[in-house]
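**Q** need coordinates for the below:
(one chain, ligands or ions: 1)
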Amino acid sequence: MPIDIAVVPVAGHGTRLLPATKSQPKEMLPVGRKPVVQYVVEELTQAGIRKLLFITGASKTSIENHFDFDERLINYLRETGREDELQQLAFERQDIEYFYTRQRRQLGLGHAVLCSRSLIGSQNFVVALGDSIIGINAQSDIVRRMTDEFESSGADIVVAFEEVDRSEVFRYGIAHPRGAAGERFELADLIEKPSVDEAPSHLAVAARYVFSPAIFEALDETEPGKGGEIQLTDAIRILLKRGAKGVGMTLPASERRFDIGNYESYFKSFVEFALADPDYGAALKEHLRGLL
Ligand code: G1P
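**A** Numbers count the residues shown, from 1 in each chain. From the prediction side, this is the model:
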C-alpha cells in the first residue's frame, strides 16, 4: 500500500526564537504570507499524504485551529463578497485527515516520533519536521521521490540531506555515506550534531524521513544522546548497525531547505519568500535596494 501517512513533530519549545515563540508555536510564524506549518502540509499533500499526525505540546493549539474550518470567517467573507480572501482559505478544504497527540514530556525528537507508535501501527510512514520548508513556496516533491525510493529499492530508511557549510555541521545530523555521495547514496552511518573534526561529510539531515515501523523498536532502546535528549538520529544508527538498508537523497539546489529554527535563517527565509511574492515582491526589492 502506498505511504499516505506522515508524522509532523511540532512539540519543540522554540527557545531559539524567543520572545516571538513565548506563547505561539514557531511553526505558526509567517514566512511570506503563510505560517511555516501550512507549507509543510502543502508539500506533504502534494506528495500523496492524506493523513497527518501532529505531535504537539503546550501552547500549540493554534496549529489545530489553523487547519480547522472556520465557518464564521467563511460566512463573513462570503456575505461581504470578499472572494479573494475566501480563496486564501482554500487549504481548509483539502481532503486530509488530521490527528493530534501531545508529547507530554519534552524528551527529544526521537521521543516525539515514538509518541506516534499506536497510531502508525504496522504502516510505513513519513516524518516531516514542522519547522522546515523544502523549496521556495514548498514546491518540492522530495517526499514523493523518497517514498518511491523506499518502495522500489526495499530500503528500511530513507533520509533527505542537504550540503551545508563546514562551520554548520554542529547544528545537524550528519551523514556518513558509503562510497561517493551523489543525488542518491547508501547510508553507512549518521552522527547527531558532530564537531567539525568528527563530521564524516557536510551532508546534513534535511528534516524529511521515511521509516518502517522498525524505527519504534530502535527508539525504545535509544538512550538519551546529544543534549540529554532521545535522538531520532541515534535510533536510525541502531538500525543501520543491525544491517538495515539506509538510503540518503540529496536535495538539489532548486529545492533548498528553509530552516525556521533560528532567527538568522528565519529572517533570510522570510525575505526570500516575500521577494518571491507575486503582488509585493517587486516593490520589496526596490525598497531593499534603497535601504542597502
Ligand atoms: C533535528 C535533528 C537533526 C536534523 C535537524 C534538521 O535537530 O535532530 O538531525 O539535522 O533537526 O532540522 P533540531 O533542529 O531539532 O535540533
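**Q** read off the pLDDT value for the residue of the stretch 101-250 of the chain found nearest the ligand.
**A** Nearest residue of the stretch 101-250 of the chain to the ligand (Cβ to the nearest ligand atom) works out as residue 173 at 2.6 Å. Placement of C-beta: from N, CA and C, glycine included. Predicted confidence (pLDDT) for residue 173: 97.
**Q** Provide the partner residues of it in its beta bridges.
**A** residue 192 (DSSP bridges).
**Q** doesn't residue 207 make contact with it?
**A** No: using Cβ atoms under 8 Å as the test, residue 173 is too far from residue 207 to be in contact (9.8 Å).
**Q** re the thing from before, please name the residues that touch the residue of the stretch 101-250 of the chain closest to the ligand.
**A** Applying Cβ atoms under 8 Å, 6 or more residues apart in numbering, we find residue 173 in contact with 190-193, 204-205, 231-233.
**Q** now with 7 Å, please.
**A** The contact partners of residue 173, by Cβ atoms under 7 Å, 6 or more residues apart in numbering, come to 190, 192, 204-205, 233.
**Q** quick one: which of these has the most company?
**A** Highest neighbour count within the contacts of residue 173: residue 190, with 28 neighbours (other Cβ atoms under 10 Å).
**Q** only C-alpha atoms, please: export the helix or strand of the chain with the lowest mean pLDDT in PDB.
**A** Evaluated with mean pLDDT, DSSP states H and E, the helix-and-strand set of the chain has its lowest mean pLDDT in helix 83-87, which scores a mean of 80. C-alpha atoms of helix 83-87 as PDB (Å, rounded to 0.1, in the frame of the first residue of the first chain):
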ATOM      1  CA  GLU A  83     -13.800  36.300  -2.900                       C
ATOM      2  CA  ASP A  84     -10.100  36.900  -2.900                       C
ATOM      3  CA  GLU A  85      -9.800  36.500   0.800                       C
ATOM      4  CA  LEU A  86     -12.000  33.500   0.700                       C
ATOM      5  CA  GLN A  87      -9.600  31.900  -1.800                       C
END
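**Q** what about it, distance to the chain center?
**A** 28 Å (Cα atoms, centre = their mean, to the nearest Å).
**Q** check stretch 114-123 too.
**A** 18 Å.
**Q** rounded mean pLDDT for it, please.
**A** 96.
**Q** mind listing residues that contact that stretch?
**A** Contact partners of stretch 114-123, identified using Cβ under 7 Å, 6+ apart, comprise 5, 7, 53, 55, 99, 101, 103, 213, 216, 219.
**Q** give the buried residues for that stretch.
**A** Buried residues in stretch 114-123, counted by 16 or more other Cβ atoms under 10 Å: 114-116, 120.
**Q** with respect to residue 67, which of these is nearest?
**A** Nearest to residue 67 among the buried residues of stretch 114-123: residue 116, at 17.3 Å, using Cβ to Cβ.
**Q** who's in contact with the residue nearest the centre of the chain?
**A** Residue closest to the average C-alpha location in the chain (Cα atoms, centre = their mean): residue 129, at 2.6 Å. Each residue near residue 129 by Cβ under 7 Å, 6+ apart is listed here: 9, 207.
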